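Enquirer: Starting from these lines, generate the structure:
(2 chains)
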Amino acid sequence: MQRLSSALFLLGLGVLIAAILGTMQLGNVSPLAGDAINAAAADQVGAANFVTAVVLGYRGFDTLLELTILFTAATAGGLVLGKRRKDARRDPDSGFILRAGADLFFPLLLVVGIYIILHGHLTPGGGFQGGVILAAAFFIPILARPGTSLDHRLVSIIEGLAGAGFILIGLLAMLAGEEFLTPLLAKGQLGTLLSAGTLPLLYIAVGLKVGSELAGLLAHLSETEASD
Amino acid sequence: MDTGLILYVAAFGLILIGSAGIVLSSHLVRIIFGIALLEAGANLLLLLATYREGAAAPIIVDGRVPLTMADPVPQALVLTAIVIGVGILALALSLALRVQRAYGTLDMREVRRRLEQDIADEAGIDMPSSADAPQAVISRQEGQA
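Expert: Residues are numbered from 1 along each chain as shown, chains lettered A, B, ... in the order given. As a prediction, this is how the structure comes out:
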């Protein structure tokens, strides 16, 4: 009975989707806000990457709230999984290839992650993407050697400082008489590393926060004792 | 067939497959994978909302401004949505881990039955059942309790 109603629901969803697909203008949709942003972003925000200009310049407050969602997910994950029993059985160390690969990849991922965070306002990338790469850099060694662990206290300190830094930059804009999270400082020359005002600083905070949250969450997930 | 239509069909197909995984399967990990597929389809659809054939990425490289640029707004939305999706996926998997540890199974029908049993035992009441249920079903449930 439940199967039948599920199948009927799916059939309805499929018909609905087909109907929507039939009425859709495929391709060549003229974006309303996008063209205006593309025309004005270089002067208003000063970031060569307009996606970054949108993420941090035009809708920085949204980004702050999205970081809050990630923070909630990471906190809830830690809460649900709880602390590991002291006498719990650990997985054995992984094979030679993963261990050697983890050692080789750690510095590479670290450099790539930091590069992507720092160049977020110039090239595709930024705090979110670089943060995930940083999290991977710290998570792969844990996969290779299940005995080692992440210092969760340090991770939460970094996370808290990064989040506070993001809000602090936003509040500084209010002190300067602007709206919350308005980009400050000199815009510099378009396309250079030191440009776009406070945007690179905000992205560093985002990168550290995303990286530490995801690394902490994944480490929690891998540290839980295997079920007996 | 032009690229736009293929991409739209792919996005809606992913949404449909993800929904099918959520409603049709009773294994918790498969349900979570269904959510991940649904999310991928939604992200693709969001990007396609302002898809333009042949538009360049909205980035100025070496001072050259491309003639037609893609819309940066959906890209910015999807950028954060993907990272949040990873966080949600990890949270869902950790909840599934707890379910597995508490009930020893990931089959949702079994978990639901055990959950109702636990609630009924805790409150000292009978298992929830319909007044119109056949007598055989009711006696079977009482036998299990």
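
Enquirer: ok, residues contacting stretch A:135-155?
Expert: A:78, A:90-94, A:98-99, A:101-103, A:105-106, A:109-110, A:113, A:210-216, A:218-220, A:222-223 (Cβ atoms under 8 Å, 6 or more residues apart in numbering or on different chains). C-beta coordinates here come from the backbone N, C-alpha and C atoms, glycine included.

Enquirer: any weak-confidence spans in chain A?
Expert: By pLDDT under 70, the low-scoring segments of chain A are A:25-31, A:86, A:181, A:186-188, A:191, A:225-228.

Enquirer: Would you agree B:Leu45 is in contact with B:Ile15?
Expert: Yes: look at B:Leu45 against B:Ile15 with Cβ atoms under 8 Å: they come within range, at 7.1 Å.

Enquirer: mind listing what the residue most central in space within chain A touches?
Expert: Nearest to the geometric centre of chain A sits A:Phe128, at 3.0 Å (Cα atoms, centre = their mean). Applying Cβ under 8 Å, 6+ apart, we find A:Phe128 in contact with A:Val206, A:Gly207, A:Val210, B:Leu79, B:Thr80, B:Ile82, B:Val83.

Enquirer: host element of it?
Expert: Using DSSP states H and E, A:Phe128 maps to helix A:127-144.

Enquirer: Setting aside sequence neighbours, what's the nearest residue to residue 71?
Expert: Went with chain A since none was named. The shortest distance from A:Phe71 to any non-neighbouring residue, by Cβ to Cβ, 6 or more residues apart in numbering or on different chains, is to A:Glu213 (6.3 Å).

Enquirer: try again with chain B
Expert: A:Gly34 (3.0 Å).

Enquirer: I'd say that neighbour and B:Gln75 touch.
Expert: No: under the criterion of Cβ under 8 Å, A:Gly34 is not in contact with B:Gln75, lying 9.2 Å apart.

Enquirer: shared neighbours, the two?
Expert: Residues within reach of A:Gly34 and of B:Gln75 at once, by Cβ under 8 Å, 6+ apart, are B:Pro58.

Enquirer: Can you list which of the contacts of stretch A:135-155 are found in strands?
Expert: Among these, no residue falls in strands (DSSP state E).

Enquirer: Mind checking which of those are buried?
Expert: By neighbour count, with 16 or more other Cβ atoms under 10 Å in any protein chain shown, the contacts of stretch A:135-155 hold A:78, A:98, A:102, A:105-106, A:109, A:113, A:210-216, A:218-220, A:223 as buried.

Enquirer: Filter these down to just the ones in helices.
Expert: Of the positions in those, A:78, A:98, A:102, A:105-106, A:109, A:113, A:210-216, A:218-220, A:223 sit in helices, assigned by DSSP state H.

Enquirer: Next SSE downstream of the helix holding A:Phe128?
Expert: In N-to-C order, the element after helix A:127-144 by DSSP H and E is helix A:152-175.

Enquirer: What are the buried residues along that next one?
Expert: For helix A:152-175, by 16+ other Cβ under 10 Å, it's A:152, A:155-156, A:158-159, A:162-163, A:165-166, A:169-170, A:172-173.

Enquirer: just the CA coordinates of that helix, formatted as CSV?
Expert: Extracted C-alpha coordinates of helix A:152-175, given in CSV (Å, rounded to 0.1, in the frame of the first residue of the first chain):
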residue,chain,number,x,y,z
HIS,A,152,38.8,19.4,18.8
ARG,A,153,39.4,22.2,21.3
LEU,A,154,41.8,24.0,18.9
VAL,A,155,39.4,23.4,16.0
SER,A,156,36.6,25.1,17.9
ILE,A,157,38.8,28.0,18.9
ILE,A,158,39.8,28.6,15.2
GLU,A,159,36.1,28.3,14.2
GLY,A,160,35.0,30.8,16.9
LEU,A,161,37.7,33.3,16.1
ALA,A,162,37.0,33.1,12.3
GLY,A,163,33.2,33.6,12.9
ALA,A,164,33.9,36.5,15.3
GLY,A,165,36.3,38.0,12.8
PHE,A,166,33.6,37.9,10.0
ILE,A,167,31.1,39.6,12.3
LEU,A,168,33.7,42.1,13.5
ILE,A,169,34.5,43.2,10.0
GLY,A,170,30.8,43.7,9.4
LEU,A,171,30.5,45.8,12.6
LEU,A,172,33.5,47.9,11.6
ALA,A,173,31.6,48.9,8.5
MET,A,174,28.8,50.0,10.8
LEU,A,175,31.2,52.0,12.9
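
Enquirer: quick one, it and helix A:127-144 angle?
Expert: Interaxial angle, helix A:152-175 versus helix A:127-144 (axes from the mean of the first three to the mean of the last three Cα atoms, to 10 degrees): 170 degrees.

Enquirer: tally of neighbours for A:Ala40?
Expert: A:Ala40 has 13 neighbours, counted by other Cβ atoms under 10 Å in any protein chain shown.

Enquirer: and if you look at the one 4 residues further on?
Expert: A:Gln44 is surrounded by 14 other residues when neighbours are defined as other Cβ under 10 Å.

Enquirer: Report the rounded mean pLDDT for the lengthiest helix in chain B.
Expert: Looking only at chain B and at elements set by DSSP H, the helix with the highest residue count is helix B:72-103. The average pLDDT within helix B:72-103 is 87.

Enquirer: Let me know the angle separating that helix from helix A:127-144.
Expert: For helix B:72-103 against helix A:127-144, the angle by the same axes, to 10 degrees is 30 degrees.

Enquirer: Check which helices and strands helix B:72-103 sits against.
Expert: helix A:32-44, helix A:50-52, helix A:60-81, helix A:127-144, helix A:199-223, helix B:28-48, helix B:108-123 (3 or more Cβ pairs under 8 Å, 6 or more residues apart in numbering or on different chains; DSSP states H and E).

Enquirer: number of nearby residues for the residue nearest to B:Asp71?
Expert: If you count neighbours by other Cβ under 10 Å, A:Gly34 ends up with 23.
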